[in-house]
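Q: Next comes the sequence, and after it the predicted model I'd like to discuss.
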Amino acid sequence: MSQSPGTLLAALRAEPPLVQCITNYVAMNIAANVLLAAGASPAMVSDAEEAGEFAQIAGALTVNIGTLSMPFVDGMRAAIGGAQQAKRPWVLDPVACQATALRRRVAAELVALRPTIIRGNASEILSLVGEASRGQGVDGRDAVAAAEDGARRLAQQTGGVVAVTGAVDFVTDGTRAVRIKGGSLWMPMNTALGCSLTGLCGAYAARAADPFDATVAALAHFAVAGQRAHPGAQGPGSFAPRFLDALHAVTPEALDAEAVIHSAEDVAA
Ligand SMILES: Nc1ncnc2c1ncn2[C@@H]1O[C@H](COP(=O)(O)OP(=O)(O)O)[C@@H](O)[C@H]1O
Ligand SMILES: Cc1ncsc1CCOP(=O)(O)O
Ligand SMILES: [Mg+2]
């Protein structure tokens, strides 16, 4: 039986999960604040000497290639090994994986390690499945709908969950699929919100029986908080603090009441 976003938010807040985030320099502070506001306990731990050990005490691991360098890659390999040994969920954010040979190579290596969840924008997901991507650096330039079939194939290939985010988000495990509406136009103009959402997927995965439910809950939490923060904001700057406050203020009951989640099993967008 599936667990609703509100049920999972209540579980997360009752026992804040420790989430190990190997993320980029841009996202470190923003993602940590997002996780704290939502109700989780982030730790940015990436050095290869300790990352594997830390992954065994964390509830979940998230791996993000945003500011890629070889020391980061060594830390990712160690951490993923630790998470797999401890049977912890881990989440991949393939930031700008279409952009360079190094990113394509590292992203392919990480996908082959079968992440529990992959979360990216449409341009990144298209690149992961070998399709033409119009991504410009870290910014997605493709419609979510264009990446839905690829996301289904990718989920079947990894045995995990794939989330494609954008104006309307899409989540699939290769069999089930949903679309999630909400958010705000100011969200893509706030750097590292996608990276922060990847961290939140990890937080929910640490508390959920099913990574599909965890991913839907994390994306719904963002969608509801973004929608609530939008009306009082004049632009991306004033949106940011309102969004953090909204992540914190949303209750489990409100999350279930306000989340707009539709089945996408065989209906076009
Ligand atoms: N046009 C939009 N309208 C509403 N929400 C959006 C829009 N674009 C992105 N979002 C939201 O912003 C968050 C980050 O997604 P996205 O911008 O796709 O990630 P990334 O920053 O990795 O490219 C998600 O919660 C997504 O739903
Ligand atoms: C701007 C930038 N450059 C390298 S990583 C990064 C942050 C990307 O964050 P997001 O993918 O969440 O927009
Ligand atoms: Mg991103």
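A: Perfect, thanks for sending it. Ligands and ions are numbered 1, 2, ... in the order given.
Q: The nearest residue to Gly140 once chain neighbours are set aside - how many residues pack around it?
A: Sequence neighbours aside, Asn121 is the residue nearest to Gly140 in space, at 3.0 Å (criterion: Cβ to Cβ, 6 or more residues apart in numbering). The way it works is simple: take the backbone N, C-alpha and C, and place the C-beta from them, glycine included. Number of residues near Asn121 (other Cβ atoms under 10 Å) recorded here: 26.
Q: Would you tell me which residues of the chain are close to ligand 3?
A: Val95, Gly194 (Cβ under 5 Å from the ion).
Q: touching ligand 2 at all, the longest helix seen in the chain?
A: Ranked by residue count and defined by DSSP state H, the top helix of the chain is helix 211-229. No - judged by Cβ under 6 Å from any ligand atom, helix 211-229 and ligand 2 are separated, with a smallest distance of 11.4 Å.
Q: How far does that helix sit from its chain's centre?
A: Remark: helix 211-229 is offset 10 Å from the chain centroid, using Cα atoms, centre = their mean, to the nearest Å.
Q: Stretch 37-52 now?
A: 15 Å.
Q: for stretch 58-66, same thing?
A: So, by Cα atoms, centre = their mean, the centroid of stretch 58-66 is 10 Å from its chain's centroid.
Q: now do stretch 19-30
A: 12 Å.
Q: Could I get the CA-only coordinates of that stretch as CSV?
A: Backbone C-alpha positions of stretch 19-30 (Å, rounded to 0.1, in the frame of the first residue of the first chain) are rendered in CSV as follows:
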residue,chain,number,x,y,z
VAL,A,19,21.1,12.8,4.9
GLN,A,20,24.6,12.6,3.5
CYS,A,21,24.9,15.1,0.6
ILE,A,22,27.8,15.0,-1.8
THR,A,23,26.8,18.1,-3.6
ASN,A,24,28.3,21.0,-5.5
TYR,A,25,29.8,24.2,-4.1
VAL,A,26,26.9,26.3,-5.2
ALA,A,27,24.3,24.1,-3.5
MET,A,28,26.0,23.3,-0.2
ASN,A,29,24.5,26.0,1.9
ILE,A,30,21.2,26.3,0.1
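Q: touching ligand 2 at all, that stretch?
A: Yes - Stretch 19-30 is in contact with ligand 2 by Cβ under 6 Å from any ligand atom, via Asn24, Val26, Ala27.
Q: Quick one: buried ones out of those residues?
A: Asn24, Val26, Ala27 (16 or more other Cβ atoms under 10 Å).
Q: these two touch, right, the second one and Gly66?
A: Read that as Val26. Yes - assessed by Cβ atoms under 8 Å, Val26 is found in contact with Gly66 at 6.3 Å.
Q: intersection of neighbour lists for these two?
A: Common contacts of Val26 and Gly66 (Cβ atoms under 8 Å, 6 or more residues apart in numbering): Ala192, Cys195.
Q: returning to what we had before: and the buried ones among the residues of stretch 19-30 next to ligand 2 as TSV, adding distance to Arg179 and secondary structure?
A: What follows is these, written out as TSV (distance: Cβ to Cβ, whole Å; DSSP: H, G, I helix; E, B strand; the rest coil):
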residue	distance to Arg179	secondary structure
Asn24	28	coil
Val26	28	coil
Ala27	25	coil
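Q: now the helices: where do they sit in this structure?
A: All helices of the chain, identified by DSSP H, fall at 5-14, 28-38, 48-57, 70-85, 101-112, 122-128, 144-158, 193-207, 211-229, 236-249, 252-258.
Q: Would you format these as a markdown table with mean neighbour count, distance to ligand 1 and mean pLDDT included?
A: Below are the helices of the chain laid out as a markdown table (neighbours: other Cβ atoms under 10 Å; distance: least, Cβ to the nearest ligand atom, whole Å; pLDDT from 0 to 100):
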| stretch | mean neighbour count | distance to ligand 1 | mean pLDDT |
| --- | --- | --- | --- |
| helix 5-14 | 21 | 13 | 98 |
| helix 28-38 | 20 | 11 | 98 |
| helix 48-57 | 17 | 22 | 98 |
| helix 70-85 | 19 | 17 | 98 |
| helix 101-112 | 16 | 13 | 98 |
| helix 122-128 | 28 | 7 | 98 |
| helix 144-158 | 20 | 8 | 98 |
| helix 193-207 | 29 | 2 | 99 |
| helix 211-229 | 26 | 4 | 98 |
| helix 236-249 | 18 | 10 | 98 |
| helix 252-258 | 16 | 14 | 98 |
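Q: Nice, that's everything, thank you.
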